[in-house]
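*Asks:* test case, fold it:
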Amino acid sequence: PPTSAMQRELVALVAVLALAPVVNGGSITLDDSNFDDVVFNSGKSAFVKFQAALVRALQAMKQAWEDLGSEYESSSSVAIGDCDCTQHQSLCSKHGVSGYPTIKYWNAGDKESKPYQGGRTLDALKTFVADNLEVKCDVKDPKGCTEKEVKYIDTMKAKEGDAVQKELDRLKGMKAGSMKPELKQWLTQRMSILEQLK
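*Replies:* Alright, predicted model coming up:
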């Protein structure tokens, strides 16, 4: 028979899964229940396509957006989102969407969006994300790392045994918790560094 500890773990797992964003071909399906968590509280920059499923112009862009989402699905610094305005009209209105597709972006910590005016091909979208939204800290070549990240890299490199994996597991456990966007961003930056050090 299940123990009370097992039941608590199962309830906790179900709660985490219920809050996890739905992924749509790599991009995160956004709605009223998860928009703020993904865009404002994840500590990541967000790139969001607001669309109406039946608009013909969107069909051509659909694969490029899904591929972009897949490319950044495990990113520690960028979330690629997709919001269907035919189902979530109030959310789209709240963010000033009046035509489709509308693409907006938020840098980590921003509460106001900026309009994306670039190309709609996969290459154009990837270039924009890489140049404007993605945080680039490469452990092997830390030129793009902040001073704080370099100190963290040095600290973790000095640790022995399975300390890197233990720290990564600890941070993964904290990721679901509530925290300020700048702390969430630092958490995701550390996770990215640790993934590179494994």
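
*Asks:* the residue nearest the centre of the chain: what secondary structure?
*Replies:* Of all residues in the chain, the one closest to the mean position by CA atoms, centre = their mean is residue 79, 2.8 Å from it. Going by DSSP: H, G, I helix; E, B strand; the rest coil, the secondary structure assigned to residue 79 is strand.

*Asks:* so what's it bridging to?
*Replies:* Each beta-bridge partner of residue 79 is listed here, defined by DSSP bridges: residue 46.

*Asks:* give the contact list for it.
*Replies:* Residues touching residue 79, when contacts are defined by CB atoms under 8 Å, 6 or more residues apart in numbering, comprise 28, 38, 39, 42, 44, 45, 46, 47, 72. For the C-beta atoms, the positions are set from N, CA and C on the backbone; glycine is no exception.

*Asks:* can you select the buried ones among those for me in ChimeraX?
*Replies:* Provided next is the ChimeraX selection string for whichever of the contacts of residue 79 are buried by 16 or more other CB atoms under 10 Å:
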select :28,38,39,42,44,45,46,47,72
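
*Asks:* which one of the contacts of residue 79 sits closest to residue 175?
*Replies:* When those are ranked by distance to residue 175 (CB to CB), residue 42 comes first, at 9.1 Å.

*Asks:* and the closest one, that's in a strand?
*Replies:* No. Using three-state DSSP, the assignment for residue 42 is coil, not a strand.

*Asks:* wouldn't it be in contact with residue 184 here?
*Replies:* Yes. Counting by CB atoms under 8 Å, residue 42 touches residue 184, with 6.0 Å between them.

*Asks:* one step back: nearest to residue 132 among the contacts of residue 79?
*Replies:* Closest to residue 132, out of all of the contacts of residue 79 and judged by CB to CB, is residue 45, at 8.0 Å.
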